[in-house]
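1. Quick one, fold the following:
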Amino acid sequence: MTKKRKRQDDFQKVKLKVGKKKPKADNATDVNFRSKAIHLPEQLKQSNAGPTTHRQLNIKDLLSQLHHYNSNVKQGALVGLRELLSGHPTLVEQHTSAILSEVAALFTDKDGTVRAAAVRLLRFVSQCIPVERVAPFFPLLSAHLTCAMTHISESIQEDALRVLDVLLEHFPGLLSQRHNILLANFFELISQRRMGKKGGTGQDKPSKGRFVLSFNTNRSVTAQQWRLTVLLRLSRFLQAVVEERPLEEGMTNRNALEMWAGEKSSTTPIEVKWEEHAFGKGRIQMFEHSGATPTPHSTYRLRPDSNLAVGMNKDLNSAETVQGFAGTLVPLLLEIWVEAAGGERVQTDSGHLLSPESMALMFQILTILQLLRRLTPQGDQQDILDAWFRNTYLADFKHHFMKNFPYGLLEVARHKKKVDGKRFHQQAVVATVAGGNVEPLALNVTLCQVMVTLSLKGCSDGVGQDADWLGPIRDFIKETLSSGSKLSSKHLAALLEVVWRMIVTQRSRVVTDELLQAVYVQYQQRNLGVTVRTLLLSFFSQLYIEEHQNHPHIARSKILACWLASLPVQLVQLGSRNPQLSAHLLETVQSAAARGNKDLLNILQKRACSLYDPQDGCVVVLPVESQKKLVQILYFLPVIPPELLSCLSQVCNAGRVSASLATTLMRTIHLRSPLSGWSSGSQDVPVKDVDYLSFFFTTLTGFSSETLEALQHTDEDCLLPSSTLSPLSVLATTLEQFLHHWDVVEEVCHCLETLGSRAQCFDVIQTAIIKNLCGLAVVPDCLCTAVLRCIPLLLDINFLPSDTLLHFLSDCCLTMLNLLLQLEQSTRKRDRVWEACFTALSAVPRLLRLVLQSFRVCDLCEEELPLLAQILSLLLQHAQLRNHMMANASLLQHIIQDLTHFYSGETREQWLTDLLYCYSVTLSGPRANMGMREMY
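-> Sure, this is the predicted structure:
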């Protein structure tokens, strides 16, 4: 067979025939198979690892991914942690230690996106954890922050400042406790150690510091912008150190100049001594790992000792340590400003005009200098520090800062040109974060604050050593305050601090009047904000209260005297529109009145009726504390005229002041009168005797004569009509008004009881009642009760009341007894009415007999007979009135016989049965004290 034939056999063509199936190909797939599901029950079980993210990762998985070598995995884990913690806040407290430690470790991560995500997560977590929960882990955060701030990578240093912002925002107190470590890190950010010989020690003026400014061209911003950013964080950090420092014992504020500044309240740390609690001496039960017997001297420490940085070998609590730190920092600050000012002079010939960036840089430098002085909490240490700053840096400050004072803003025309968008955005962000928008006024005021602390005390105008640079400051202050422009509260507080310092230190009457005149011009402006008005008021008030006696040049100031004299008028005009300002005014007025300021007392005397007006005066519209101050001021008024006493009487009875305050007011009037000691009157007494008695009688009645006269013509619909059992028509007062007047009457009686001659006092009161009250047909119920309460207390045993007064008392008593039957629901009012009636009936001679003689049964209608029986039953049931009733047994027997004859039928009313029972019980008792018959 040939080769050709063999090839044909290998590739034979299959012949297809009709009706036959097509043969299967050699590579055909057999599809005849069955599929079954695979079940893995263990994988479908719910996990007990806690909440998970949308990627089914719990917190342990996410925390473990933070150690992954891949930056994307770590960034995803940080995002997942924020998602998980935001949905389940309880996890934050449960895993605080792990979260903070893992996030802190990423402060120095080489990838910028990971660090940014770590900062965002730290900011979120800081909002969820209280300070006390973070405190045990804060040393770890501080250590990682220090590593980031001193890292060799510029980007890590920039992100470290963002971490610092978060901690300053949420944990300033914890961060300030680490100042001895963290403050040195700021030096590493903008400078490097000087090689060669060492700089000054802080005791003498250092020509060169320990550090020299460093330059790094690898940063995305200029060197000046970077330094501005660092200085902004340094000033915020120093501010936290100052504000969170605990106050010394006995100190109420940090500085007399900062009394109106918004200082945060400081917390005092608790000192725990383990030795006191080891053997149960304290209230804390302590457990240790050393067995059943605890070791008193434990080696455990809450925080390990740290190697302190240069210039920070101690806490900043003394002038020496602050000098050591300032001796390193201030030369750097001056060098930074010299560099920035040199660039400004190249652009413009005007040294007082600064670009926004240079202005922001100078503002931060001055703010840091200002905070350095406040690092020492003790007042004597501040004086030492001020003297050191003056001796060391006054010449430099005058040369670099005061040479072109005051400063203005340089406006540079910007040319339109194509710039790199990314770089422009970065510079804009740096300028915004670093506070690039600083007003020239804020800069100049801060410079004034720094410089005035360096002035010598007792430096007079134009004569002292500092006149060359204090003069421009004084001119700037006067021009700013007197210009008529409205200042913000922040700028005004700083200006007032400068004014206070200059007034107290220079001790010149001329300078004091010039500066106070400028402040007074600002004070007289209209439509000032509440905060600004409060600042100005606090300045004048504290200046007068705190420094008035120590500095004669302040006490003799005409501007201060003019301001004091205007306070009563301002108080009347202000009223209740702003209770806080009114309270501030009253505090100053009270202090000046107590010191006997004649000008203020004269104006106060003229405006007294407006202040104590019972309708809309300050005494009724202001809060309770202010009302108390107004009542106390009454004691210092030279004279209390009748018009003012009339207003005060209405104030006591109007019910718009409390009964206790009305009592204080009446006692004040009582003490100002010579009658309180029963001394002979004179022409110059504060309260005349006639006015004194008139005041207390008007207060006793509770209504003025005009009101009582108008009451006689009132429509009868609102009155309880008169009858045989109620000779007077009664105006029923409310329970609140009645009880208030009862308390007032008690104090009136107490004051009148203390007078020297009870007989003369009773004679005056009796005459006033007969003249003003006996002719009334309509009386308020509280007036009847007041008269019945007062007469027995003031009645002298050797003085018999007149018949006219007795008949009026009898009418009042009958009317109140009739009213008593209608007051079943008002228990408190009913008890006081019965107490007044009982006291009068038992103490006033012949009054009970007159009341019983008024019970004429023949003149009563059938409806009034039960009321009469109830009144008699009340009198018979009272044990202390039994002897008095027995003394009038014949008259009482005659009344009961008339009632019995009136109802002589077979049926007897229940009220008559009760009356007969009370009568039989009373007469069957021992006839004690029969001598009282002679009185009747």
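2. Going by C-alpha atoms from here, please, whenever you check contacts or count neighbours.
-> OK.
3. where's stretch 141-155 relative to the chain centroid, distance-wise?
-> Distance of stretch 141-155 from the chain centroid (C-alpha atoms, centre = their mean, to the nearest Å) equals 40 Å.
4. With stretch 640-658 instead?
-> With C-alpha atoms, centre = their mean, you get 32 Å for stretch 640-658.
5. got the contact list for it?
-> By C-alpha atoms under 8 Å, 6 or more residues apart in numbering, the residues outside stretch 640-658 that reach it are 608-609, 612-614, 619-620, 624, 627, 659, 662, 665, 686-687, 691, 695-696, 698-699, 702-703, 737, 740-741, 744.
6. okay, and for the stretch 801-936 of the chain, where does confidence drop off?
-> 824-826, 903-908, 923-936 (pLDDT under 70).
7. please redo it, this time with the cut-off set to 80
-> Scanning the stretch 801-936 of the chain for pLDDT under 80 picks out 822-827, 856-864, 866, 873, 876-889, 892-893, 895-936.
8. what's the answer for the stretch 451-600 of the chain, then?
-> The low-confidence ranges in the stretch 451-600 of the chain, as defined by pLDDT under 80, are 456-465, 546-551.
9. So which elements touch the helix or strand hosting residue 77?
-> Assigning secondary structure by DSSP states H and E places residue 77 in helix 71-87. Contacts defined by 3 or more C-alpha pairs under 8 Å, 6 or more residues apart in numbering; DSSP states H and E place helix 71-87 against helix 59-65, helix 112-128.
10. The ones you listed: lowest mean pLDDT?
-> Ranked by mean pLDDT, these end with helix 59-65 at the bottom, a mean of 87.
11. got the buried residues for that helix?
-> Across helix 59-65, burial judged by 16 or more other C-alpha atoms under 10 Å covers 59, 62, 63, 65.
12. And the helices in the stretch 301-450 of the chain?
-> 319-347, 356-373, 379-400, 421-433, 440-452 (DSSP state H, counting those that start in this stretch).
13. angle of the longest one against helix 356-373?
-> On the basis of axes from the mean of the first three to the mean of the last three C-alpha atoms, to 10 degrees, helix 319-347 is oriented at 170 degrees to helix 356-373.
14. So which bits of helix 319-347 are buried?
-> Here helix 319-347 shows 319-334, 336-337, 340-341, 344 as buried, counting by 16+ other C-alpha under 10 Å.
15. and that helix, what does it pack onto?
-> Short answer (3+ C-alpha pairs under 8 Å, 6+ apart): helix 319-347 packs on strand 211-213, helix 223-244, helix 356-373, helix 379-400.
16. Look at residue 702 and say how many residues are nearby.
-> The burial count assigned to residue 702 is 25, neighbours taken as other C-alpha atoms under 10 Å.
17. pLDDT value on the spatially closest residue to it that is not a sequence neighbour, please?
-> Using C-alpha to C-alpha, 6 or more residues apart in numbering and skipping the chain neighbours, the partner closest in space to residue 702 is residue 653 (5.5 Å). Per-residue pLDDT puts residue 653 at 90.
18. With residue 428 instead?
-> We note a pLDDT of 44 for residue 428 in this prediction.
19. Give me the neighbour count for residue 868.
-> When neighbours are defined as other C-alpha under 10 Å, residue 868 has 22 of them.
20. Residue 466 now?
-> Applying other C-alpha under 10 Å, we find 16 residues neighbouring residue 466.
21. Over to the closest residue to it other than its chain neighbours. Which of the three states is it?
-> Nearest non-adjacent residue to residue 466, counting by C-alpha to C-alpha, 6+ apart: residue 455, 6.6 Å away. With DSSP: H, G, I helix; E, B strand; the rest coil as the basis, residue 455 sits in coil.
22. quick one on the thing from earlier: so what secondary structure elements neighbour the next helix or strand along the chain from the helix holding residue 77?
-> Per DSSP H and E, the first helix or strand lying C-terminal to helix 71-87 is helix 90-94. The contact analysis (3+ C-alpha pairs under 8 Å, 6+ apart) places helix 90-94 against no helix or strand.
23. pLDDT averaged over stretch 391-407 - what is it?
-> 89.
24. in stretch 556-563, what counts as buried?
-> Buried, per 16+ other C-alpha under 10 Å, within stretch 556-563: 557, 559, 560, 561, 563.
25. before we move on, the earlier item: filter the contacts of stretch 640-658 down to the buried ones.
-> 608-609, 612-614, 619-620, 627, 659, 662, 665, 686-687, 691, 695-696, 698-699, 702-703, 740-741, 744.
26. and residue 353, which of the helices and strands packed on helix 71-87 is closest to it?
-> Nearest to residue 353, of all the helices and strands packed on helix 71-87, is helix 112-128, at 38.0 Å by C-alpha to C-alpha.
27. Just the C-alpha atoms of the helix or strand following that closest one, please, in PDB.
-> Following helix 112-128 in sequence order, the next helix or strand is helix 131-134 (DSSP H and E). Extracted in PDB, the C-alpha atoms of helix 131-134 (Å, rounded to 0.1, in the frame of the first residue of the first chain):
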ATOM      1  CA  VAL A 131     -12.600  63.300  80.100                       C
ATOM      2  CA  GLU A 132     -12.400  61.000  83.100                       C
ATOM      3  CA  ARG A 133     -12.500  57.900  80.900                       C
ATOM      4  CA  VAL A 134      -9.600  59.200  78.700                       C
END
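28. For residue 137, give me its contacts.
-> Contact analysis of residue 137 by C-alpha under 8 Å, 6+ apart lists 97, 100, 101.
29. Return the subset of those lying in helices.
-> 97, 100, 101 (DSSP state H).
30. coming back round to it: burial measure for the residue nearest to residue 702, as a count.
-> Neighbours of residue 653 using other C-alpha under 10 Å come to 24.
31. three-state assignment of it?
-> Judged by three-state DSSP, the three-state class of residue 653 is helix.
32. repeat for residue 741
-> helix.
33. Am I right that it is in contact with residue 782?
-> Yes: counting by C-alpha atoms under 8 Å, residue 741 does reach residue 782; the two are 6.9 Å apart.
34. so what's in contact with those two at the same time?
-> Contacts common to residue 741 and residue 782, judged by C-alpha under 8 Å, 6+ apart, are residue 702.
35. List of residues touching the helix or strand hosting residue 831?
-> Counting by DSSP H and E, the element that carries residue 831 is helix 827-843. Helix 827-843 has contacts (C-alpha under 8 Å, 6+ apart) with 735, 738-739, 785-786, 788-789, 791-792, 813, 816-817, 820, 823-824, 847-848, 880-881, 884.
36. Now for residue 858, how many residues are close by?
-> With other C-alpha under 10 Å as criterion, residue 858 counts 12.
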